[in-house]
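>>> Sequence isn't available, so here's the structure alone:
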């Protein structure tokens, strides 16, 4: 069988398993060949075969007994997800690519609903409960924090499993981005390039996410010894260009020595860049910029913005696995599974919005200018001349003495304790 080139290895393995399931229909307890043999048969890696099997197990299509896989559909009275209805509510900019196709392989019918504004979200969540759907996945990008307790309580009352793909308080099935790992990777990246004076920029508009990123930012800064940076932060009350301009002016006024900004999300990135241009702030020459989360703007703007990004496709598939497990449990026992909270780690994507900075000395940035360490001295070959130049160098003040307040440094004569023989070329 010729496999189209556009298929991924996991898709090939899923299609192969579906063919095997159809072949063994009517033959109960028919075990499949080992994954190693299936990988050779389908010309994919064994890892791809294993991931495909895990998805079908989560969907209730396969069952693992020891090392053997058997199709659940061949067992009498088996519970499957065939015909189940799933609603996926997202903002249009936060769509999960490939989710409907993946659900169709499990026999689940997906209705994707794109909403603009909180009223539309509330309405569609209530509508999903009224229609008694089998499951719900929603990623609402809440404004002002979590506000969906009433809808979640109604889903629990009706035994409708739901998975939240955004920051939410405990007590909900959660599949979302690991904001802590994302923030940590960005701050450590800046610190490795010499940025020791960093400012965090959050938002009141997306308070729940902003607070979570701020807490991670402070923790990482303190762990790296950047106490001043941990205290430095501003929040935007809205994402308008004028508000971002005012926030940038505040950052420049209150933290004039800041060399980098950590932006809580990529959503206001385009407005931030426009405001920086109006304020004549060059990125990255004047101010380096990194953001939690990736977007088309971050990839395509000039300069492209360094970010800690997440794979939206993987996020949607993990959420689908979790809601399918819950739907199967409801079909079998009439009860929901215990809550689970899963987080995806971020990937650091380095681009051109960060410029390296020279490490700052302990005496401060101003005093550190012009104090670069001189190259190693070339001593003359004659021993007598080396001794004479060494005695002259002992009388020369240290280069820091010229920029230090009088009385700070005390002269010391250590010649009496010098015990190294001047017998080599570089002695």
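Done, it's in. This structure is a prediction, so every number in the text was calculated from the model and none was measured.

>>> number of nearby residues for the closest residue to residue 218 other than its chain neighbours?
Spatial nearest neighbour of residue 218, excluding adjacent residues (Cβ to Cβ, 6 or more residues apart in numbering): residue 230 at 4.7 Å. For glycine as for every other residue, the C-beta is placed from the backbone atoms N, C-alpha and C. By the measure other Cβ atoms under 10 Å, the count of residues near residue 230 is 19.

>>> contacting residues for residue 230?
Residues near residue 230 by Cβ atoms under 8 Å, 6 or more residues apart in numbering: 217-218, 221-222.

>>> Could you give the number of residues near residue 8?
Around residue 8 there are 11 residues (other Cβ under 10 Å).

>>> So for the protein, the centremost residue is which one?
When the chain is reduced to its mean C-alpha position, the nearest residue by Cα atoms, centre = their mean turns out to be residue 346, at 2.9 Å.

>>> before we move on, back to that, show me what counts as buried in whichever helix or strand the residue nearest to residue 218 is part of.
Residue 230 is part of helix 227-231, with elements assigned from DSSP states H and E. Within helix 227-231, the residues that count as buried by 16 or more other Cβ atoms under 10 Å are 229-230.

>>> partners of the host helix or strand of residue 138, with directions?
Residue 138 belongs to strand 135-139 when elements are defined using DSSP H and E. In the sheet, strand 135-139 lines up against strand 85-90 (parallel), strand 162-164 (parallel) (DSSP bridges).

>>> and those, which is most packed in?
For the strands paired with strand 135-139, ranked by mean neighbour count under the definition mean count of other Cβ atoms under 10 Å, the leader is strand 162-164 at a mean of 26.

>>> Please pull up the helix or strand immediately following that one.
Sequence order places strand 174-177 as the next helix or strand after strand 162-164, per DSSP H and E.

>>> Could you list the low-pLDDT ranges of the protein?
Applying pLDDT under 70 to the chain picks out residues 1-7, 25-30, 58-60, 73-79, 92-93, 141-145, 358-380, 394-410, 414-427.

>>> For the helix ranked longest in it, which residues meet the burial criterion?
Ranked by number of residues, the top helix in the chain under DSSP state H is helix 312-333. Under the neighbour-count criterion of 16+ other Cβ under 10 Å, helix 312-333 has 312, 315-330 buried.

>>> Repeat that for stretch 272-282.
By neighbour count with 16+ other Cβ under 10 Å, stretch 272-282 contains the buried residues 272-273, 275-276, 279, 281.

>>> ditto for stretch 286-298
Residues of stretch 286-298 classed as buried: 287-295, 297-298 (neighbour count, 16+ other Cβ under 10 Å).

>>> which residue ranges form the helices in the stretch 1-150 of the chain?
Secondary structure of the stretch 1-150 of the chain, counting by DSSP state H, counting those that start in this stretch: helices at 9-23, 35-42, 46-58, 99-105, 118-130, 149-157.

>>> could you dump the ones you listed to CSV with mean neighbour count and distance to residue 385?
Putting the helices of the stretch 1-150 of the chain into CSV (neighbours: other Cβ atoms under 10 Å; distance: least, Cβ to Cβ, whole Å) gives the following:
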stretch, mean neighbour count, distance to residue 385
helix 9-23, 18, 72
helix 35-42, 16, 74
helix 46-58, 19, 69
helix 99-105, 18, 79
helix 118-130, 16, 83
helix 149-157, 15, 84
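
>>> Please name whichever of the ones you listed is nearest to residue 85.
With distances scored as Cβ to Cβ, the stretch of the helices of the stretch 1-150 of the chain nearest to residue 85 is helix 118-130 (9.3 Å).

>>> Please enumerate residues in contact with that closest one?
Contacting residues not belonging to helix 118-130 are listed as 87, 89, 113, 115, 136, 138, 140, 142-143, 147-148, 151, 154-155, 158, 160 [Cβ under 8 Å, 6+ apart].

>>> ok and it relative to helix 149-157, angle-wise?
Taking axes from the mean of the first three to the mean of the last three Cα atoms, to 10 degrees, helix 118-130 and helix 149-157 form an angle of 10 degrees between their directions.

>>> Surely residue 307 is in a strand?
Yes - for residue 307, which was evaluated using DSSP: H, G, I helix; E, B strand; the rest coil, the result is membership in a strand.

>>> What are the contacting residues of stretch 210-219?
167, 179-180, 182-184, 187, 200, 202-204, 230, 233, 235, 262, 264-265, 292.

>>> any idea how far that stretch is from the chain center?
Using Cα atoms, centre = their mean, to the nearest Å, we find the averaged C-alpha position of stretch 210-219 to lie 13 Å away from the chain's own average C-alpha position.

>>> Quick check: buried residues in it?
Buried residues in stretch 210-219, counting neighbours by 16+ other Cβ under 10 Å, are found at 210-214, 216-218.

>>> Can you lay out these as CSV showing distance to residue 24 and secondary structure?
Listed next are the buried residues of stretch 210-219 as CSV, based on distance: Cβ to Cβ, whole Å; DSSP: H, G, I helix; E, B strand; the rest coil:
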residue, distance to residue 24, secondary structure
210, 52, helix
211, 52, helix
212, 47, helix
213, 49, helix
214, 54, helix
216, 49, helix
217, 54, helix
218, 56, helix
